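Student: sequence first, then the predicted structure:
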Amino acid sequence: MSGPEEDIRASDKEAATQTVAAYPENSTYPEGGYGWICVLGSALIFFNGWGFSNAFGVFQTYYEIQFPDSSASVIALIGSLQACLIEGTGMLVGVFVDRYGMRPVMLVGAILQVGALLAASFSTKIWHLYLSQGVMYGLGAGALYIVAVSVPGQWFHKRKATAYGILYTSSGLGGVLWPIILTQLFGKVGFGWTMRITMFITLVQVVIGCLLLRERPLSQPSADADEKSGRAQEPRVEVQDVNIYKSKTLWYCAAGYFILSIGMLSPMFYIGTFAKVNGMSDHLSFYLLSMLNTASIPGRTICGWLADRYGRMNALCVSIFAAALVQLIMWSTIRTNAEIILFSCFYGFSFGGLISLMPAVTAQVCGQQKLASKFGVVSALGGAGTLVGAPIAALFIGDSPESYLGCILFSGFCMLLATAWYTGLRFYTDRRIFVVL
């Protein structure tokens, strides 16, 4: 009688039958070497992609002052568009990467990302920011993101969660430093030059990151290497990418990320404004996002290490559940400055864990074949959740601390639903409770 793992493989058999894995199951992963250089390159891209996006709470607070006639929901749509497109372009970008290679995609992404910051520096109206900081930046960072998140997985297997934990730590570091940099620059050089300085920083780091990234060769360079490895090299067979999308587990995983994305960014968008209505000073409230992202750094690294020991899916389910509880129990009751800071740290830690495990879980559940395209599907649905999540949550927000309760309940229950969803996937994969998975 077949077990749950065999059931999953059978459900995906039709999609994978004619596809030769880019890296066969008996392939030996380097588990280091140049793989760590690729992690560094990806980290530089993440710092300026997700790291900058994670700092949107600073822009949310700043724009609410600069555009008093625009509601919080209208302003939040800028950040939601940006985050949505970083993830949401993944399906299309993944296909281009698998077909044409990563270099052309990275070039287009870098041009769009840097150009968006320059265009935003001249923006004077909300719709200007929709197009530049929202759409253009999201498309550029999204193109780079899919490449950066796919390459390290080619170099690691046993240490995959650790590698991704380190990689996602860089976006947490960006989320720490960008709010501080932006807050200081806004007061000293104004919005325009703040965005231009940001553009120059991004340009340097993205160029270095792109130059460092390298795909692992599909075959050994010489016959001697084949002899040493003791394995015959399999030819790569190209099939139509549409076969990838027949996987039931791929769409189940993507749907879970959609639900998760609806609820997970509300604290990052609104913790600053929540603190202000509770009496926190403008100066301190601007740094809350840095505190949240600082706490996410050990969360990303520690959860990655724990995932390699106790199972990636196990760690992901626990991280999502912890984040849901922190929202529903802590955020709904806090009022003082100390409590708000403590909440930011607790949520940051749990958020860092769940976001860093997503690529590793996707690769584990869906397989390594055409991973860029597969993770593109998951990212696309996650981006859709991000697009609707924060603006909907903002509709519940008013001018009093009590008015945030609707936002908190909406986001928190979405996280609980995501916990149940991924727990179902985990037990569908293996019904045993105490197993590393």
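Tutor: Looks like it came in fine.

Student: nearest spatial neighbour of residue 410, chain-adjacent residues omitted?
Tutor: Nearest non-adjacent residue to residue 410, counting by CB to CB, 6 or more residues apart in numbering: residue 393, 5.4 Å away. For the C-beta atoms, the positions are set from N, CA and C on the backbone; glycine is no exception.

Student: residues contacting that neighbour?
Tutor: 266, 269, 270, 407, 410, 411 (CB atoms under 8 Å, 6 or more residues apart in numbering).

Student: what would those look like in a markdown table with pLDDT and secondary structure?
Tutor: Below are the contacts of residue 393 laid out as a markdown table (pLDDT from 0 to 100; DSSP: H, G, I helix; E, B strand; the rest coil):
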| residue | pLDDT | secondary structure |
| --- | --- | --- |
| 266 | 91 | helix |
| 269 | 88 | helix |
| 270 | 90 | helix |
| 407 | 93 | helix |
| 410 | 95 | helix |
| 411 | 95 | helix |
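
Student: pretty sure residue 320 sits against residue 355.
Tutor: No. Between residue 320 and residue 355 there is no contact under CB atoms under 8 Å: 10.1 Å.

Student: so between those two, which is more surrounded?
Tutor: The neighbour comparison of residue 320 against residue 355 (other CB atoms under 10 Å) goes to residue 320, with 29 against 25.

Student: give the contact list for the more buried one.
Tutor: 260, 354, 415, 418, 419, 422.

Student: what helix or strand does the closest residue in space to residue 327 that isn't next to it in sequence sit in?
Tutor: Closest residue to residue 327 apart from its sequence neighbours, by CB to CB, 6+ apart: residue 412 at 3.9 Å. In this structure, residue 412 sits in helix 405-429 according to DSSP states H and E.

Student: how far away is the spatially closest residue to residue 102 that is not a sequence neighbour from residue 78?
Tutor: Nearest residue to residue 102, sequence neighbours excluded (CB to CB, 6+ apart): residue 147, at 4.5 Å. To residue 78, residue 147 is 25 Å away according to CB to CB, to the nearest Å.

Student: helix, strand or coil for residue 79?
Tutor: Secondary structure for residue 79, judged by DSSP: H, G, I helix; E, B strand; the rest coil, is helix.

Student: surely it touches residue 390?
Tutor: Yes. Between residue 79 and residue 390 a contact is recorded at 6.7 Å, counting by CB under 8 Å.

Student: what residues does residue 202 make contact with?
Tutor: Counted by CB under 8 Å, 6+ apart, residue 202 has contacts 48, 52, 113, 114, 117.

Student: check which helix or strand covers residue 285.
Tutor: Assigned by DSSP H and E, residue 285 falls in helix 282-286.

Student: for that helix, what is the average pLDDT?
Tutor: Average pLDDT, helix 282-286: 82.

Student: next helix or strand past that helix?
Tutor: helix 288-310.

Student: flag every buried residue along that next one.
Tutor: 288-308 (16 or more other CB atoms under 10 Å).

Student: now do stretch 394-411
Tutor: 394, 396, 397, 404, 407, 408, 409, 410, 411.

Student: relative to residue 428, which of these is nearest.
Tutor: residue 411 (26.1 Å; CB to CB).

Student: the closest one is in contact with residue 389, isn't it?
Tutor: Yes. Assessed by CB under 8 Å, residue 411 is found in contact with residue 389 at 7.3 Å.

Student: overlap of the contact sets of those two?
Tutor: Jointly contacting residue 411 and residue 389 under the rule CB under 8 Å, 6+ apart are 262, 263, 264, 266.

Student: only whichever of those are buried, select them in PyMOL.
Tutor: Applying 16+ other CB under 10 Å to those, the buried members can be selected in PyMOL as follows:
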select buried, resi 262+263+264+266
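
Student: what's the weakest-modelled helix or strand in the protein?
Tutor: Comparing every helix and strand of the chain by mean pLDDT, DSSP states H and E singles out helix 13-16 as the least confident one, with a mean of 36.

Student: any idea which helix or strand comes after that one?
Tutor: helix 34-48.

Student: setting aside sequence neighbours, what's the nearest residue to residue 418?
Tutor: Closest to residue 418 by CB to CB, 6+ apart is residue 260, at 3.9 Å.

Student: list the buried ones in stretch 131-149?
Tutor: Neighbour-count burial for stretch 131-149, counted by 16+ other CB under 10 Å, picks out 131-149.

Student: same thing with stretch 101-109?
Tutor: So for stretch 101-109, counting by 16+ other CB under 10 Å, buried means 102, 105, 106, 109.

Student: same question, stretch 66-86
Tutor: Here stretch 66-86 shows 70, 72-86 as buried, counting by 16+ other CB under 10 Å.

Student: got the angle for the helix ranked longest in the chain vs helix 34-48?
Tutor: Counting residues, the longest helix found in the chain (DSSP state H) is helix 160-212. Here the directions of helix 160-212 and helix 34-48 differ by 80 degrees (axes from the mean of the first three to the mean of the last three CA atoms, to 10 degrees).

Student: what angle do helix 160-212 and helix 288-310 make?
Tutor: 120 degrees.

Student: what distance separates helix 160-212 from the centre of its chain?
Tutor: 15 Å (CA atoms, centre = their mean, to the nearest Å).

Student: start the count at 37, not 1, going forward
Tutor: Sure, I'll start numbering at 37, so the last one becomes helix 196-248.

Student: counting contacts, what elements does the helix or strand containing residue 290 pack onto?
Tutor: When elements are assigned from DSSP H and E, residue 290 belongs to helix 284-300. Applying 3 or more CB pairs under 8 Å, 6 or more residues apart in numbering; DSSP states H and E, one finds that helix 284-300 contacts helix 40-47, helix 348-361, helix 373-402, helix 407-430, helix 441-465.

Student: I'd like the mean pLDDT over that helix, please.
Tutor: Rounded mean pLDDT across helix 284-300 is 91.

Student: which parts of it are buried?
Tutor: Per 16+ other CB under 10 Å, helix 284-300 contains these buried residues: 285-286, 288-300.

Student: tell me the angle of it relative to helix 373-402?
Tutor: 170 degrees.

Student: residue 379 reaches residue 369, doesn't it?
Tutor: No. Between residue 379 and residue 369 there is no contact under CB under 8 Å: 9.2 Å.

Student: quick one: which of these two has more around it?
Tutor: residue 379 (25 against 11).

Student: just the pLDDT at the more buried one, thanks.
Tutor: With respect to pLDDT, residue 379 scores 95.

Student: with residue 450 instead?
Tutor: So, for residue 450, pLDDT stands at 96.
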